[in-house]
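Colleague: Pasted the sequence and its predicted model underneath.
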Amino acid sequence: MNSRGEIIIVDDDTDDLEILKEVYNTLPFENRLVVFNDGEDAYQYLKTPEAYPFLIISDINMPKMNGFELRDKVLSDAETSNRIIPFVFISTCANRTMMKTYCSNSFHGYFEKKSDFTEMTDMLDNIIRYWKNAVPAD
C-alpha cells in the first residue's frame, strides 16, 4: 500500500464532489486529491503506470460504470490489482439488499454520505486515518 499516494474520489454528482474536495481541504493530510466524475475515467487513470493511489473512495450509483463495476475491474485487472489499494464506497444509497448481495464479495468499507459538513468531515477524516494506521508508513 502506498500511504503517500493520492486519494481518488469518484462521484458523478458535481455538488458532492465539490463538498468532498472542500472537506478534504480542511483535513491535515498531505496526499494529493484526484477526483473523477465517472468510473470509466477513474479506471483509465488507474491503469496508467504512474497511478499508485493510497485510497479509492467511490460512489456506487453512477452512469457508464457504477462503483461496484469499477471495483471489480480494479481487482480483476493485472495492472491495478497488484497495487493493494483500499477501496471504500461512500454513497447516498441505503439499499441494504444490494449491499448484502455485494458483501459476499470483499470490499473495504461502505459509508453513507452525510448531509452535515461537520459529519462529512468527521467521516472522511476517520476513513483516511483508519487506512493510514492500518499499515506502516512507506
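Modeller: Sure, I can see it.

Colleague: Only alpha carbons, please: show stretch 53-65 as CSV.
Modeller: Once non-C-alpha atoms are left out, stretch 53-65 reads as follows in CSV (Å, rounded to 0.1, in the frame of the first residue of the first chain):
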residue,chain,number,x,y,z
PRO,A,53,-3.1,5.7,-5.1
PHE,A,54,-3.3,5.3,-1.4
LEU,A,55,-7.1,5.0,-1.3
ILE,A,56,-10.1,4.9,-3.6
ILE,A,57,-13.4,6.3,-2.4
SER,A,58,-16.2,5.8,-4.8
ASP,A,59,-19.9,6.5,-5.1
ILE,A,60,-22.0,3.4,-6.1
ASN,A,61,-24.7,4.8,-8.4
MET,A,62,-23.1,6.3,-11.4
PRO,A,63,-23.8,6.0,-15.1
LYS,A,64,-21.4,4.3,-17.5
MET,A,65,-19.6,2.3,-14.8
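
Colleague: Can you show me the helices along the protein?
Modeller: 14-25, 39-46, 67-76, 78-81, 96-103, 117-134 (DSSP state H).

Colleague: ranking those helices by mean pLDDT, which is last?
Modeller: For the helices of the chain, mean pLDDT drops lowest on helix 96-103, to a mean of 62.

Colleague: Find the nearest non-adjacent residue to the residue positioned nearest the centre of the chain, please.
Modeller: Central residue of the chain (CA atoms, centre = their mean): Ile57, 1.0 Å from the mean position. Closest residue to Ile57 apart from its sequence neighbours, by CB to CB, 6 or more residues apart in numbering: Ile9 at 4.9 Å. C-beta here means a position set from N, CA and C on the backbone, and glycine is covered the same way.

Colleague: Right, I'll leave it there.
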